[in-house]
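**Q** can you look at this prediction? I've put the sequence above it.
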Amino acid sequence: MSEATATTSTGRPLRLGTRRSALATSQSTWVAERLRAAGCEVELVLVTTEGDTSARSLREIGGTGVFASALRTALLEGRIDLAVHSLKDLPTAPADGLVVAAVPEREDPRDVLVARDGLRLHELPAGAVIGTGSPRRAAQLRLARPDLEVRDIRGNVDSRIRMVTDGVLDAVVLARAGLARLDRLDEATEVLDTEVVLPAAGQGALAVECRAEDSALAQDLGAALEHAPTRAAVTAERAALARLEAGCTAPVGALARSTGAPTLTLHVFAALQDGARTHVLTGADDAPDDLGARAADLLLNRPDPAGLVAAPGSHTPESDL
Ligand SMILES: NCc1[nH]cc(CCC(=O)O)c1CC(=O)O
């Protein structure tokens, strides 16, 4: 990035909009530091979202978009120049007038268990209470451990872990990436295998968004932050999610991995009304949208009779933070 593009066209520092939570500020600070290392002047601007201020269930306040929408409004109104989102919280529908200018290299996308007494999932006693607000996690936990009680919870990462340390719950499931960003990975008692709990589409990855009309800024953000293999993987995952959202209301997991360029292998999970299904598909990493859409179509046509029955209309976003 050249010094000439280190600030906006008006010469002032780039305004990076961030939510207030510890996780959001850690993500935004990481991006700001990378941009400063690339020669940009960057300042953080706090933006409040309804997902942060409302105690109502995420299902009531409108789902996946609640964390992203205030940042997007601030971008479109010109109050900020760029925003950093957790990619898994970003709706699959593109936003008019905005562009995901960069997808940086993702963290380990897996979920972790934080349980009392250092326990692992298979060591929790029958009847143990495990907290998650994510229908995706709940569905897969019920498949792995039908003898546990899965309880719907919400709150930020800190308050969810406190439910375990305070003895209210035996365990919670969180994204490993979130704990890593908060420097609290040592509190995880197990990294959950993706065969047991497939992560959410885009989990562990960030999206750096700006106005589409700021094409020079978008280019600079791409040059400073883009990680092409992560972009390909999350594009495949989100294409699968979008296709499944169009065809059903089930909880979905999706994870693509590079299996030797130029191929990607995509695992998709959905807990449909008539059972849980997974599908694995390999395809070209230069056509990730196509790979995701095909994997979703194949999954929707292939029932796995041994699977789980999901509650109707249970498609809601990931547990909140
Ligand atoms: N919706 C909550 C959310 N969004 C992003 C993360 C963690 C970091 C990530 O997955 O990128 C979390 C917390 C969690 O699921 O435990």
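**A** Great, that's in hand. These numbers come from a predicted model, not from an experiment.
**Q** tell me the residue of the stretch 101-250 of the chain that sits nearest the ligand?
**A** Gly178 (3.2 Å; C-beta to the nearest ligand atom). For every residue, glycine as well, the C-beta is placed using N, CA and C.
**Q** quick one: secondary structure of that residue?
**A** helix (DSSP: H, G, I helix; E, B strand; the rest coil).
**Q** center of the chain, which residue is that?
**A** Lys88 (2.2 Å; C-alpha atoms, centre = their mean).
**Q** so which elements touch whichever helix in the chain runs longest?
**A** Looking across the chain with DSSP state H, the single longest helix is helix 228-247. Counting contacts by 3 or more C-beta pairs under 8 Å, 6 or more residues apart in numbering; DSSP states H and E, helix 228-247 is packed against strand 252-258, strand 263-272, helix 288-300.
**Q** before we move on, the earlier item: and the residue of the stretch 101-250 of the chain closest to the ligand, how many neighbours?
**A** 25 (other C-beta atoms under 10 Å).
**Q** follow-up on the earlier one: dump the helices and strands packed on helix 228-247 into JSON lines; add distance to Asp108 and mean pLDDT as well.
**A** Converted to JSON lines, the helices and strands packed on helix 228-247 look like this (distance: least, C-beta to C-beta, whole Å; pLDDT from 0 to 100):
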{"stretch": "strand 252-258", "distance to Asp108": "11", "mean pLDDT": "97"}
{"stretch": "strand 263-272", "distance to Asp108": "15", "mean pLDDT": "96"}
{"stretch": "helix 288-300", "distance to Asp108": "20", "mean pLDDT": "96"}
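**Q** tell me which of those sits nearest to the ligand.
**A** strand 252-258 (11.8 Å).
**Q** how about that closest one and the ligand, touching?
**A** No. Shown here: strand 252-258 not in contact with the ligand (C-beta under 6 Å from any ligand atom), separated by at least 11.8 Å.
**Q** what pairs with that strand, parallel or antiparallel?
**A** strand 263-272 (antiparallel) (DSSP bridges).
**Q** direction included, what does the helix or strand following the partner strand pair against?
**A** Sequence-wise, the next helix or strand downstream of strand 263-272 (DSSP states H and E) is strand 275-284. Sheet pairing here is set by DSSP bridges, and for strand 275-284 it gives strand 263-272 (antiparallel).
**Q** mind checking how far the strand it pairs with is from the chain centre?
**A** Relative to its parent chain, strand 263-272 has a centroid offset of 15 Å by C-alpha atoms, centre = their mean, to the nearest Å.
**Q** only C-alpha atoms, please: export it in PDB.
**A** C-alpha atoms of strand 263-272 as PDB (Å, rounded to 0.1, in the frame of the first residue of the first chain):
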ATOM      1  CA  THR A 263      -9.300 -28.300  -5.000                       C
ATOM      2  CA  LEU A 264     -11.500 -27.600  -2.000                       C
ATOM      3  CA  THR A 265     -13.400 -30.100   0.000                       C
ATOM      4  CA  LEU A 266     -16.700 -28.900   1.500                       C
ATOM      5  CA  HIS A 267     -18.500 -30.600   4.300                       C
ATOM      6  CA  VAL A 268     -22.200 -29.500   4.800                       C
ATOM      7  CA  PHE A 269     -24.500 -30.500   7.700                       C
ATOM      8  CA  ALA A 270     -28.200 -29.700   8.100                       C
ATOM      9  CA  ALA A 271     -30.600 -30.900  10.700                       C
ATOM     10  CA  LEU A 272     -33.700 -31.200   8.600                       C
END
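**Q** next, the buried residues of that strand.
**A** Leu264, Thr265, Leu266, His267, Val268, Phe269, Ala270, Ala271, Leu272 (16 or more other C-beta atoms under 10 Å).
**Q** just the terminal-to-terminal distance for stretch 254-267.
**A** 6 Å (C-alpha to C-alpha, to the nearest Å).
**Q** gap between that stretch and the chain center?
**A** For stretch 254-267, the distance to the chain centre is 18 Å (C-alpha atoms, centre = their mean).
**Q** list of residues touching it?
**A** Residues from elsewhere that reach stretch 254-267, judged by C-beta atoms under 8 Å, 6 or more residues apart in numbering: 109, 194, 198-201, 203, 229, 232-234, 236-238, 240-241, 253, 268-269, 278-286, 288, 291-292, 295.
**Q** rewinding a little: compile the buried residues of strand 263-272 into TSV and extend it with columns for distance to the ligand.
**A** Below are the buried residues of strand 263-272 laid out as TSV (distance: C-beta to the nearest ligand atom, whole Å):
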residue	distance to the ligand
Leu264	19
Thr265	20
Leu266	18
His267	17
Val268	18
Phe269	16
Ala270	18
Ala271	17
Leu272	22
